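Asker: sequence isn't available, so here's the structure alone:
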């Protein structure tokens, strides 16, 4: 049973070109779906649409975002916001800009628990402390009293992960959570997210451009090109035999660190032309 | 943490020491400039004191009495020596110590300026928050238009507009003075507004406010527009930052997001500007106090200039300079309090 079910979601720049073309995908309870594609393919846009944080220049032109059986797009804004806040969370891309520089760490983890979910401050503080221990932050009491600028990027990403899991959400959107980090830290953070996800049984929508990451943490994946889902497969099937020529080329283009001699294989022009023709045919077919 | 607090204390003391030193240098410079300028411009204070038909000998005698026949450098030396001992000289027109006169009027001007500042912060803050909340809409457009109008008219013209509106067409406020002369004042200080609150004399407080309201508002309107415009701009920029977006996903509504996440970070650039603009506002009290016959420092300054009361002019200008530097110091300290990143620097 899927916790999140997106059906035929279309999004466009106001008065401009489409950004998502009838996207459909499901994230099952406790499962991880990877969302891959090149820059500008619309992967982050899907996560933003789910969490209700699309930029004002963008509008949803059709489709449904069904969260736990309710289409979010039919709800009044206040109710939608409350429901998203209570059941979903975001792990943002850049830990350096995602924490408020004027607030201490503690309140930034507990704010949702106290303000939205009505916990007592004492309970929320205990919870925050336990979470920081779970993400292996040494000396959590000191960190809770710190300001973001006093902590390293890796530490801040751990805090953001802890904060995302604070209210035991049913769904977490991870928007390229390791892209802004050092390569050495990336691996630890990835392992941390995968471990937390498994322990808490949270459904995860994992936005990334790195197929290596997908193979490690995801059960399913959607491949996007120009806002269109060109392939939706189980990860094991995908790596054994990708169905769409574009996703096959994408897989082939992933550098093999174990075999540097193999060199780089960019996606061939013929494949790009073919998938562009597909998008054009979709647009001509009318929505 | 203990070490950390120690560091903050040291940084604070160093900042204070540097500021006090630069303040002393600034004030010395101001003293020299004022001293020279008011003696170079035409107009002889002695001639103003004597009745028409006084002889040259009378003028010379009185000049000698006030030391005005000495060379400029000697005069400055005498004056500076007095200032070092807290003696700013004697007013030529009223024959009272300058320090007493100036300090007697200072509370009136301070109360007026601070009331104007509070009004400007409230009006400008409300405009900025409303404009941000309804950005891109018609309400933001209306606020921009109002801001533009408020900015393009100087404070004394706003004073005239207010007199016309609330003094003539709908006379709800007093148009002149600081307090109704018929009232019996039990005050021991000249901070009437403050003291009326302390003594719980709300009848007097209401009368004082009815006098101060229009001059304060006239001073506040242009500053409110500046605050409104700058704060709205930085709020709108802040609203696009990642931590604000993250707060939205937590379930906060737009108003909560603006107040909780954006305001404190967006306020810093505005704070610096308000410090500078507040000193302009205090300068503006000179004309506004005249316009509303408000018995403050500014009104006294104009009289002093008309009468060529050199010691009094000097005293007033030095006091204004002290106020300006104090305002700048307060802004710097506030900035450090609001921005945690500066506290450890």
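Answerer: Yes, it's here. Small disclaimer: the values here were computed from a predicted structure and weren't measured.

Asker: what does the stretch 101-250 of chain B have sitting close to chain A?
Answerer: The stretch 101-250 of chain B has residues B:136, B:241, B:242, B:243, B:245, B:246, B:247, B:248, B:249, B:250 near chain A, with proximity defined as CB under 8 Å from any CB of the partner chain. C-betas here are computed from N, CA, C, even on glycine.

Asker: can we see that at 6 Å?
Answerer: Residues of the stretch 101-250 of chain B lying close to chain A by CB under 6 Å from any CB of the partner chain are B:242, B:243, B:245, B:246, B:248, B:249, B:250.

Asker: is it correct that residue B:158 is in contact with residue B:219?
Answerer: No. At 8.2 Å, residue B:158 does not count as touching residue B:219 under the criterion of CB atoms under 6 Å.

Asker: ok and the residue in chain B nearest chain A?
Answerer: Per CB to the nearest CB, residue B:251 is where chain B lies closest to chain A, at 2.0 Å.

Asker: follow-up on the earlier one: among the residues of the stretch 101-250 of chain B next to chain A, who's most crowded?
Answerer: Among those, residue B:250 has the most neighbours (other CB atoms under 10 Å in any protein chain shown), with 28 neighbours.

Asker: show me what contacts that one?
Answerer: A:85, A:112 (CB atoms under 6 Å, 6 or more residues apart in numbering or on different chains).

Asker: swap in residue B:284?
Answerer: Residue B:284 makes contacts with B:155, B:219, as judged by CB under 6 Å, 6+ apart.

Asker: the helix or strand encompassing it: which residues count as buried?
Answerer: Assessed by DSSP states H and E, residue B:284 sits inside helix B:263-291. In terms of neighbour count (16 or more other CB atoms under 10 Å in any protein chain shown), helix B:263-291 has its buried residues at B:263-267, B:270-271, B:273-275, B:277-279, B:281-282, B:284-291.

Asker: contact partners of the helix or strand just after that helix?
Answerer: Beyond helix B:263-291 on the C-terminal side, the first helix or strand identified by DSSP H and E is helix B:297-306. With CB under 6 Å, 6+ apart as the test, helix B:297-306 has contacts from B:105, B:106, B:109, B:285, B:286, B:289, B:290, B:312, B:313, B:316.

Asker: what do you get for stretch B:218-231?
Answerer: With contact meaning CB under 6 Å, 6+ apart, stretch B:218-231 is reached by B:116, B:119-120, B:123-124, B:127-128, B:147, B:150-151, B:155, B:158-159, B:162, B:270, B:273, B:277, B:281, B:284, B:288.

Asker: so which bits of that stretch are buried?
Answerer: Buried residues in stretch B:218-231, counted by 16+ other CB under 10 Å: B:218-231.

Asker: mean confidence (pLDDT) on that stretch, please.
Answerer: On average, the pLDDT along stretch B:218-231 is 95.

Asker: neighbours of the nearest residue to residue A:56 once chain neighbours are set aside, how many?
Answerer: Excluding its sequence neighbours, the residue lying closest to residue A:56 (CB to CB, 6 or more residues apart in numbering or on different chains) is residue B:136, at 6.9 Å. Neighbourhood size, residue B:136 [other CB under 10 Å]: 10.

Asker: quickly find the element holding residue B:136.
Answerer: Going by DSSP H and E, residue B:136 is not part of any helix or strand.

Asker: what sits against the residue positioned nearest the centre of chain A?
Answerer: With distances taken as CA atoms, centre = their mean, the residue of chain A nearest its centroid is residue A:174 (3.0 Å). Residues in contact with residue A:174, defined by CB under 6 Å, 6+ apart, are A:91, A:206.

Asker: and the next helix or strand past the helix or strand where it lies?
Answerer: In the assignment (DSSP H and E), residue A:174 maps to strand A:171-175. Next helix or strand after strand A:171-175 toward the C-terminus (DSSP H and E): helix A:183-200.

Asker: what distance separates stretch B:206-215 from the centre of its chain?
Answerer: Offset of stretch B:206-215 from its chain centre (CA atoms, centre = their mean, to the nearest Å): 17 Å.

Asker: can you list contacts of it?
Answerer: Outside stretch B:206-215, the residues that touch it by CB under 6 Å, 6+ apart are B:112, B:115, B:162, B:173-174, B:177-180, B:192-193, B:288, B:292, B:294.

Asker: quick one: buried residues of it?
Answerer: By neighbour count on 16+ other CB under 10 Å, the buried set for stretch B:206-215 is B:207, B:208, B:209, B:211, B:212, B:213, B:214, B:215.

Asker: one more: stretch A:164-183?
Answerer: For stretch A:164-183, a neighbour-count test (16+ other CB under 10 Å) marks A:164-167, A:169-178, A:180-181 as buried.

Asker: re earlier: tabulate the buried residues of stretch B:218-231 (CSV), appending secondary structure.
Answerer: Formatted as CSV, these follow (DSSP: H, G, I helix; E, B strand; the rest coil):
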residue, secondary structure
B:218, helix
B:219, helix
B:220, helix
B:221, helix
B:222, helix
B:223, helix
B:224, helix
B:225, helix
B:226, helix
B:227, helix
B:228, helix
B:229, helix
B:230, helix
B:231, helix
